[in-house]
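1. Fold the following for me, if possible:
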Amino acid sequence: MKHIGIVAVSAEGAALCYRTICAEGAEKFGRHLHPEISLHCYSLADYMKPTVAGDWVEMGRMLLRSAEKLRQTGADFAICPDNTAHQGLDLVRQESPIPWLHIAEEVADAAAQHRYRNVLVLGTRYLMEGPVYQTKLDAAGIRWAIPAEDAREYINSAIFNELVYGRFERGTRADFARVIEEHAALGCDAVILGCTEIPLLIEQRDSCLPILDSTRILARASLREAAGSR
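-> Below you'll find the model as predicted:
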């Protein structure tokens, strides 16, 4: 099987992706079996500098530097379990030393396979207001919605002040569920959990809409790629 390289940005999302690859690899390939995996991570503080500055080219360069380190360890391809960072990846992907699986492409494919037509996108403010999912969903012919500005600010704050630190509060879960309910009433038929920590807060039982779990979708895509079964 191919060697998977994980370009981590935040710890909780990267850990969930890694655990999913290992656990579902064993289910797919046999007891205790999963592809070889390497992971490289700069500090989240280092990634926040270009994020806050809107310097997406520098964000992309950081991802490429990680990809080069992973290439040197023998990784055959890279994944990044961080949705927001893909705004940088989209600018430099063609320069990468190894191929990438793109989280939003995989999620858009999953949405299309389920025949969802109008999806709610949740994530950081940078993701919800940026082009990462908008371009991929538009290309797939899927309509999308994002919460109102006050809700976007609340969700963004919860991600950076709670979720990335492994804090998953009952009240925050209820608030996210309420946002999902509001958009179900507006005609959304699924919700993209487009921050890789959100699946640790919101499970299917917490959502009135079907969830598209970006972290696990990417992990499963990497297993298919590693096995050559895409």
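
2. okay, now the domains of this protein?
-> Split into domains by automatic domain parsing, the chain comes to 4-102+216-227, 104-213.

3. can you list those domains in JSON lines and add mean pLDDT and mean neighbour count?
-> C-betas here are computed from N, CA, C, even on glycine. Below are those laid out as JSON lines (pLDDT from 0 to 100; neighbours: other Cβ atoms under 10 Å):
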{"stretch": "domain 4-102+216-227", "mean pLDDT": "97", "mean neighbour count": "19"}
{"stretch": "domain 104-213", "mean pLDDT": "97", "mean neighbour count": "18"}
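
4. Ala145 contacts Tyr116, doesn't it?
-> No: using Cβ atoms under 8 Å, Ala145 makes no contact with Tyr116, being 11.9 Å away.

5. contacting residues around stretch 10-18?
-> When contacts are defined by Cβ atoms under 8 Å, 6 or more residues apart in numbering, stretch 10-18 is touched by residues 6, 8, 37, 39, 41, 44, 79, 81-82, 163-166, 195-197, 199-200, 215-216, 218-219.

6. chain center to it: distance?
-> Here the centre of mass of C-alpha atoms in stretch 10-18, compared against the chain's by Cα atoms, centre = their mean, to the nearest Å, lies 10 Å away.

7. try stretch 126-145
-> Counting by Cα atoms, centre = their mean, stretch 126-145 is centred 13 Å from the centre of its parent chain.

8. Doesn't Ala45 belong to a helix?
-> Yes: under DSSP: H, G, I helix; E, B strand; the rest coil, Ala45 falls within a helix.

9. Pull up the gap between it and Trp144, please.
-> 30 Å (Cβ to Cβ, to the nearest Å).

10. Could you say which helix or strand holds the residue lying farthest from the centre of the chain?
-> In terms of distance from the mean C-alpha position of the chain, Arg31 ranks first, at 27.1 Å (Cα atoms, centre = their mean). Element membership for Arg31 (DSSP states H and E) is empty, with no helix or strand holding it.

11. show me what contacts the residue minimising distance to the centre of the chain?
-> Closest residue to the average C-alpha location of the chain: Asn83 at 4.0 Å, with Cα atoms, centre = their mean. Going by Cβ under 8 Å, 6+ apart, Asn83 touches Ile103, Ala104, Gly123, Thr124, Leu127, Val132, Tyr133, Gly194, Cys195, Thr196, Ser214.

12. mind redoing it with 10 Å?
-> The neighbourhood of Asn83, defined by Cβ atoms under 10 Å, 6 or more residues apart in numbering, consists of 9, 13, 103-104, 107, 121-124, 126-128, 130, 132-133, 192-196, 198, 214-215, 218.

13. Great, nothing more from me.
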